[in-house]
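> Return atomic coordinates for the entry below.
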Amino acid sequence: MKDINLIPEELKEQKLKKKRQMTNIFFAFVLISAIFTIMVLPLAYINKLYEDLKSTNSDLYKFKNISQLEQNVKNMSLYAEKKKALIKKLESQRLDAVTILEDLSLNIPDRASIASLKYQKNTLEIDGEAFTEADIAVFMLNLRSIDYVEDVKILSVESTDKGLLKYILQVKLKVVS
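Numbering: from 1, shown residues only. Purely as a prediction, here's the structure:
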């Protein structure tokens, strides 16, 4: 068969060239679009990741404040526990007035007496009378043998009209509440 196409060869070639050009332009457009997409999508994804990072950092900052508050609460509870332990320790070492009076009555010599007691700031002041200075000295030695007594000092000794010695002792106590 013979080609009956009456279109000249030159026009056919031009048409083919235009078709090729259009195909090349289309492929170039597709290639440029693909390259642009390959470049833009990671940048968009990176921007999204940065936004997520900012959001996560703000959430973490909130948790950081909460963790600091928790740490403060823990520190305060540890402080309270230490204070409770100190209070228990002091309560176990506490001396009450009954114990002090019992120890005084057990350690006073037969020939001495106590007229009055004054307690102020871990210091006990004892006013009394004794027959001799030896009785006062024995009483002081007996007081020094008590474990919670730190020091015993004699403040004054005076002779009375009845022939007795009036004394004032100062007894420093270690721990008394």
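
> Name the residues of stretch 116-124 that are buried.
residue 124 (16 or more other CB atoms under 10 Å). All C-beta spots, glycine's among them, are computed from the backbone N, C-alpha and C.

> same deal with stretch 144-153?
146, 149, 152.

> Make CSV from these and add pLDDT, distance to residue 23 and secondary structure to it.
Conversion of the buried residues of stretch 144-153 to CSV gives the following (pLDDT from 0 to 100; distance: CB to CB, whole Å; DSSP: H, G, I helix; E, B strand; the rest coil):
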residue, pLDDT, distance to residue 23, secondary structure
146, 88, 116, coil
149, 88, 115, strand
152, 93, 119, strand
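
> Closest to residue 6 out of these?
residue 149 (140.0 Å; CB to CB).

> what's the neighbour count on residue 169?
Around residue 169 there are 20 other residues, counting by other CB atoms under 10 Å.

> what does the one 5 residues further on give?
Taking other CB under 10 Å as the neighbour definition, residue 174 ends up with a count of 13.

> Going forward, count from 54.
All right, first residue 54 from here; so that's residue 227.

> what's it in contact with, if anything?
175, 201, 202, 203 (CB atoms under 8 Å, 6 or more residues apart in numbering).
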